[in-house]
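Engineer: Structure of the sequence below:
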Amino acid sequence: MDKPNISGNTITIPSSQDFLADVDNFVEDYLENQKVSRSVIADIAICVTEIVINGIVHGNQSDPGKRVKVSVNKNNSKVEITITDEGGGFNPDTIENPIEEKNLLKEVGRGVFIVKSLMDEVDIKACPEGTLVILRKNLA
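Structural biologist: Okay, here's the model as predicted:
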């Protein structure tokens, strides 16, 4: 696969940041079609981009032979996005708190913190076949 593959409510991309705009457009278009407000779409788009970058860089080690998959679902009161990579998985408890004094000047390490502050629920699960991240945003 050398380009994004879209099937229903899912987009799968090679592990390259060259395809971030494709993911962003896919997610935003899906949510706009579902009549989600622009401000909520903006928050979700930021979070999806951050997690997809983590999947590409940290999970899949930017290996273009590996994939990142994003699925978006909306029901009446909630949006749920699942993002999976094909990396070795990781323990989310090892992420350092970026607002601790020793971490304030670090240039990396804020993505998951930002995602957790913008979404209502964030589940990160290490699996043998990679990492699964589930993002949920309440619409009510």
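
Engineer: Next, Val72: secondary structure please.
Structural biologist: Classification of Val72 by DSSP: H, G, I helix; E, B strand; the rest coil places it in strand.

Engineer: Dig out what it forms beta bridges with.
Structural biologist: Note on Val72: beta-bridge partners by DSSP bridges are Ile81.

Engineer: What pLDDT is listed against it?
Structural biologist: With respect to pLDDT, Val72 scores 98.

Engineer: Repeat that for Gly109.
Structural biologist: pLDDT, read off for Gly109, is 53.

Engineer: which residues touch the closest residue to Leu135 other than its chain neighbours?
Structural biologist: Of all residues not flanking Leu135 in the chain, Ile81 sits nearest, at 4.5 Å (C-beta to C-beta, 6 or more residues apart in numbering). All C-beta atoms are positioned from the backbone trio N, CA, C, and that covers glycine. Contacts for Ile81 were tallied using C-beta atoms under 8 Å, 6 or more residues apart in numbering; they are 27, 44, 47-48, 70-73, 134-136.

Engineer: give me that answer again for 10 Å
Structural biologist: With contact taken as C-beta atoms under 10 Å, 6 or more residues apart in numbering, Ile81 is in contact with 9, 27, 30-31, 44, 47-48, 51, 70-74, 119, 133-137.

Engineer: Which of those residues fall in strands?
Structural biologist: The strands, defined by DSSP state E, take in 70-74, 133-137 from the contacts of Ile81.

Engineer: show me where this protein has helices.
Structural biologist: Listed in chain order, the helices of the chain (DSSP state H) span 20-33, 38-54, 111-118.

Engineer: and among these, the most buried is which?
Structural biologist: helix 38-54 (a mean of 19; mean count of other C-beta atoms under 10 Å).

Engineer: Nothing else from me, thank you.
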